[in-house]
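# here's a sequence, model it:
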Amino acid sequence: MAVIEQLTQDFLRTKKLPHIWCPGCGNGIVTAALVRAIERADCDQRDVVIVSGIGCSSRAAGYLNFNTLHTTHGRALAFATGLKLARPELKLFVIMGDGDCSAIGGNHFIHSARRNIDLNAVVVNNHIYGMTGGQHSPLTPPGKKATTAPDGTLERDFNLLELARGAGATFGARSTAAQPRQLEQLISRGAKHKGFSVVEALSPCPIAYGRKNKLGGPVDMLRNMKEKSIAVERASEMKEEDLQDKTITGVIYSYDVPEYAEEYYRAIGKG
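I've put the predicted structure just below:
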């Protein structure tokens, strides 16, 4: 049996298919990369937990054949933190969208980074609230249109990985749905890292974001993502002005810092 067929049988709830994502959405690509990353990281399926919040990408939890928690909007990391403290032996992957993570869930995000608990955040960034009405998020680039920004957003967007690093995260990486194998490798590396890891996965939303901003169809958006991607090694040799409007991909940082959660484990008698 082909590897992809075996992974589908083992790690997907096939009775839940077909999925509800729009044609051309990148969420399926990111979800497939996550599945392959879990296999690559040699995680025991029985010890893996997928935690998600609310939004397009968060629906992935319903399709994945692991222990899963589909939680409330912006609170996925809070649920994941509680579960990790109660069952520290489990391997947790927390799937969030850009609005779910950095807006309503922003406070949980920075404190998860501060605590450096061994959680693996996979943030699917499509630059928009796709499911709840097409509003702009903190990761919508300046000038891009949304239902709540008909003339273009006024604020600058977060650099999510730098926000996480400033708050205390010890692993940060980025890739796109146009580079699924790289994305798979980065999620796997994050899973093997001890501490709070963040992998930002840029994903096309051709309906709520692409149409509003006249970015073409799904193929055009994927091609544009790939053309704008610059490997972190190459970016380090380029001038800052040449990196404007570019996406730096790869492992942006990785630090070996003791996991603060060890203090919590000792306090609750699990250390």
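
# I figured Asp35 hits Arg13, correct?
Just to correct that, residue 35 is Val rather than Asp. No - with contact defined as Cβ atoms under 8 Å, Val35 does not reach Arg13; the gap is 11.7 Å. Just so you know, the C-beta spots here come from the backbone N, C-alpha and C atoms, and that holds for glycine as well.

# where do the strands sit along the stretch 51-200 of the chain?
For the stretch 51-200 of the chain, the strands defined by DSSP state E, counting those that start in this stretch occupy 67-70, 91-97, 120-125, 171-176, 197-202.

# got a markdown table for those, with mean pLDDT, mean neighbour count and distance to His136 too?
Shown next, in a markdown table, are the strands of the stretch 51-200 of the chain (pLDDT from 0 to 100; neighbours: other Cβ atoms under 10 Å; distance: least, Cβ to Cβ, whole Å):
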| stretch | mean pLDDT | mean neighbour count | distance to His136 |
| --- | --- | --- | --- |
| strand 67-70 | 92 | 18 | 25 |
| strand 91-97 | 97 | 28 | 13 |
| strand 120-125 | 97 | 28 | 13 |
| strand 171-176 | 98 | 26 | 20 |
| strand 197-202 | 98 | 28 | 16 |
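
# of those strands, which approaches Ser229 most closely?
Comparison of these against Ser229 by Cβ to Cβ identifies strand 171-176 as nearest, at 6.0 Å.

# quick check: pLDDT value at Tyr260.
On pLDDT, Tyr260 comes in at 69.

# likewise the one 5 residues further on?
Each residue has a pLDDT score; the one for Tyr265 is 68.

# do you have the helices of the stretch 151-271 of the chain handy? List them.
With DSSP state H, counting those that start in this stretch, the ranges of helices along the stretch 151-271 of the chain come out as 160-167, 180-192, 218-228, 232-235, 261-267.

# show me where pLDDT drops low in this protein?
1-4, 260-262, 264-265, 268-271 (pLDDT under 70).

# correct me if wrong: Gly172 contacts Arg165.
Yes - Gly172 is within contact range of Arg165, at 5.8 Å (criterion: Cβ under 8 Å).

# what residues are shared contacts of these two?
Ile252, Tyr253 (Cβ atoms under 8 Å, 6 or more residues apart in numbering).

# quick one: contacts for the closest residue to Thr31 other than its chain neighbours?
Closest residue in space to Thr31, ignoring its immediate chain neighbours: Ala60 at 4.6 Å, by Cβ to Cβ, 6 or more residues apart in numbering. Ala60 sits next to Asn27, Val30, Thr31, Leu34, Ile50, Ser52, Ile95 when contact means Cβ under 8 Å, 6+ apart.

# what residues sit buried inside the helix or strand hosting the fourth one?
Using DSSP states H and E, the secondary-structure element containing Leu34 is helix 27-40. By neighbour count with 16 or more other Cβ atoms under 10 Å, helix 27-40 contains the buried residues 27, 29-40.

# and of these, the nearest to Asp100?
Nearest member of the buried residues of helix 27-40 to Asp100, counting by Cβ to Cβ, is Asn27, at 12.7 Å.

# with the buried residues of helix 27-40 in mind, which one is nearest to Ala208?
Asn27 (12.5 Å).

# doesn't Ala201 make contact with that closest one?
No - applying Cβ under 8 Å, one finds Asn27 not in contact with Ala201, separated by 9.3 Å.

# overlap of the contact sets of those two?
Joint contacts of Asn27 and Ala201 (Cβ under 8 Å, 6+ apart) are Val124.

# quick revisit: can you name the two of the contacts of Ala60 that sit furthest apart?
Asn27 and Ile50 (13.6 Å).

# next one: the residue nearest to the spatial centre of the chain from Ser52, what distance?
In the chain, the C-alpha closest to the average C-alpha coordinate belongs to Val123, at a distance of 1.9 Å (Cα atoms, centre = their mean). Going from Val123 to Ser52 by Cβ to Cβ, to the nearest Å gives 11 Å.
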